[in-house]
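Engineer: Okay, predicted coordinates and the sequence, questions at the end:
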Amino acid sequence: MALQDLCSDLALAKSKLSSLQKNILKIENEIISMIPPKLEGSQTIPVPGYRLTTTHKVSRKLDFDAYQALNLPKNMQFVDMQARINLFNLRSVERRDPAVVAQCVTVKPAKTSIKIEEVDE
């Protein structure tokens, strides 16, 4: 199969997927409008022939400066500090001394993304 055919097939499949995702979202919103409201947590609603479980979620964003200003005692602290890689700095160190990074960072390939756009020739 030619690359052009594969691009065409992928564009068509993504178009169908987008339509399906919109339809799924519409149906999910209709279901949510018909069940008892809940802020957070799971609930199972009896539906003949189905097991309907909804999981309600909230997102939380921390104002870290305000949190630090509280100066809470250890037993009241609720924020875990997690080390994260600063990619810009990592690349800079890799250029200067890759052996340093190799001692503490494991690298493995992630999923390759593919984006196609139809163009007029």
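Structural biologist: The structure has been received and is ready for your questions.

Engineer: Next SSE downstream of the longest helix seen in the chain?
Structural biologist: In the chain, with assignment by DSSP state H, the single longest helix is helix 3-34. Remark: after helix 3-34, the chain's next helix or strand is strand 41-47, criterion DSSP states H and E.

Engineer: mind checking how far the helix or strand following that following strand is from the chain centre?
Structural biologist: Using DSSP H and E, the next helix or strand after strand 41-47 towards the C-terminus is strand 50-56. Distance of strand 50-56 from the chain centroid (CA atoms, centre = their mean, to the nearest Å) equals 21 Å.

Engineer: do stretch 31-39 as well
Structural biologist: 23 Å.

Engineer: can I get the CA coordinates of it in CSV?
Structural biologist: Only the C-alpha atoms of stretch 31-39 are listed here, as CSV (Å, rounded to 0.1, in the frame of the first residue of the first chain):
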residue,chain,number,x,y,z
ILE,A,31,-26.9,10.6,30.8
ILE,A,32,-25.3,13.0,33.3
SER,A,33,-28.3,15.3,33.1
MET,A,34,-30.6,12.3,34.1
ILE,A,35,-28.7,11.1,37.1
PRO,A,36,-28.5,12.5,40.7
PRO,A,37,-25.9,15.2,40.9
LYS,A,38,-22.7,14.4,42.8
LEU,A,39,-19.6,16.6,43.2
